[in-house]
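In: here's my sequence, what's the structure:
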Amino acid sequence: MRPSRDTWLVLGLLLALSLVTALLSIRRSSQGELPGYYSQSSQPNGALALRLWLEAQKFTVLADQLETPSFAPPRQARLLFVLEPSVFSDDELEKLDEWVKSGNTLIAAGNDSGSLALARHYKFQPTLHAEALTGISQAAPLLILPPLTVGPILQTDTSFNTNRADFVTYLAAAGSSLMVSFTVGNGQVILLSAARPFSNEGLKDAGSPELILNILAISHTHGPVWFDEWHHGIRGTQTQNIGPENWLQHTPTGHALLFVIMVIFLGLLLQGHIFGRPVPISREIRRRAPVEYITAIANLSRRANHRANVLAQYRASLKRGLGRRYRLDPTTPDELYVAQLGKYKPQMDQPALLLLLTRLSSPSPSETELLKLAAEVADWLKDIPSIS
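Out: Numbering: from 1, shown residues only. Just a heads-up that it's a prediction; the model follows:
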């Protein structure tokens, strides 16, 4: 027995959902999702080796603050690594400056857009060269803890120029600075135009370990260290919930909602398709009976409260029927009409007829009274050949 079309449709939907789930799982588990210079990444461009080495050197590395609603360096941190960050907002730069001014050290390295914007914030104008700079040398014999016997391989095409005079140049090339330090309030900032020496792969380059040791010596601090992962996009659930796009992409509830929306969309898309063979609807063709039309008109008249009009019609019919033989005008006032009719029919009960005509002039009769008056009119006209 071949599967029906509905069965194939259900199997196709289940297969599509399974494929989407598998792709999302592979994407989430893939190391490709980890940003560069993330301190928990073991990729070549990660910074896990630097973090572990700092911990081995008895540095306290603070945990990532994933549940904070906005960027803010921890108050207990004394040394902050900002490696290839995204662009800082004005409010974030203000918080960063306040943290440095309180006596802490900022180490910022990189030549991407976020790093260059951070350099401009501190009045250092980046200059991009056509190719990677060579001939990197020490501007002064300041890097001696330990001594740099081999020049560090920064592999950068960016240098710094500035009109500031309150800074120290440590590494230079082509007449421009590549690594500088300067004070901000009671703290200091160490600025490099390349972040490669801090990466897992860059630490293997000759001169890179010595360079980092000298940077730590320049910082004059052995206090707690914090890596800025906020500007690598590593943020907690609370921050992801701030924006609906992040909430949908990074939370299980958001993924479930996307699945439901997709199923509903497919259901609406397939709503116009026929599921199975069409079943003809049985129809019984019959004509309506005349009484149905009469009943419908009567119901409409009842809803419109036409009882007074119906009484007026019965009243006019009664006077026409009784006076037709004697050529009496039905519009004659009731008392004169009954008196004239009494001359031709002395045996007629004139008071009863006059009372009936008065009752037929009621402005708001009840339905029961209407039926009763109609029956009385029929009794008066039963001996009349026809009513018109």
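
In: can we go C-alpha only for contacts and neighbour counts from here?
Out: OK.

In: tell me how the chain divides into domains.
Out: 32-235, 240-270, 290-380 (automatic domain parsing).

In: can I get those domains in a markdown table with mean pLDDT, distance to Pro280 and mean neighbour count?
Out: Formatted as a markdown table, the domains of the chain follow (pLDDT from 0 to 100; distance: least, Cα to Cα, whole Å; neighbours: other Cα atoms under 10 Å):
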| stretch | mean pLDDT | distance to Pro280 | mean neighbour count |
| --- | --- | --- | --- |
| domain 32-235 | 84 | 56 | 18 |
| domain 240-270 | 69 | 21 | 13 |
| domain 290-380 | 87 | 28 | 14 |
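
In: dump those domains into CSV; add distance to Val10 as well.
Out: Listed next are the domains of the chain as CSV, based on distance: least, Cα to Cα, whole Å:
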stretch, distance to Val10
domain 32-235, 33
domain 240-270, 11
domain 290-380, 49
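
In: other residues contacting stretch 293-308?
Out: Outside of stretch 293-308, the residues within contact range by Cα atoms under 8 Å, 6 or more residues apart in numbering are 361-367, 370.

In: can you do 10 Å?
Out: Contacts to stretch 293-308, defined as Cα atoms under 10 Å, 6 or more residues apart in numbering, come from residues 291-292, 309-310, 313-314, 360-367, 369-371.

In: picking up where we left off before, nearest to Thr21 among the domains of the chain would be which one?
Out: Nearest to Thr21 among the domains of the chain is domain 240-270; the distance by Cα to Cα comes to 9.3 Å.

In: this protein: strands as residue ranges?
Out: Using DSSP state E, the strands of the chain run over residues 79-83, 105-109, 125-128, 137-138, 158-161, 167-173, 176-184, 187-192, 225-227.

In: identify the residues contacting the closest residue to Val377 other than its chain neighbours.
Out: Ranked by Cα to Cα, 6 or more residues apart in numbering and with sequence neighbours excluded, the top spatial neighbour of Val377 is Leu318, at 6.4 Å. With contact set as Cα under 10 Å, 6+ apart, Leu318 has these partners: 312, 330, 353, 356-357, 360, 377-378, 380-381, 387-388.

In: want to throw these into TSV with distance to Arg324?
Out: As requested, the contacts of Leu318 are exported to TSV (distance: Cα to Cα, whole Å):
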residue	distance to Arg324
Ala312	18
Pro330	9
Leu353	16
Leu356	18
Leu357	17
Leu360	19
Val377	15
Ala378	16
Trp380	14
Leu381	12
Ile387	10
Ser388	10
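
In: gap between the closest residue to Ser364 other than its chain neighbours and Pro365?
Out: Excluding the flanking residues, the one nearest Ser364 by Cα to Cα, 6+ apart is Ala308, at 5.9 Å. Remark: distance between Ala308 and Pro365 (Cα to Cα, to the nearest Å) = 7 Å.
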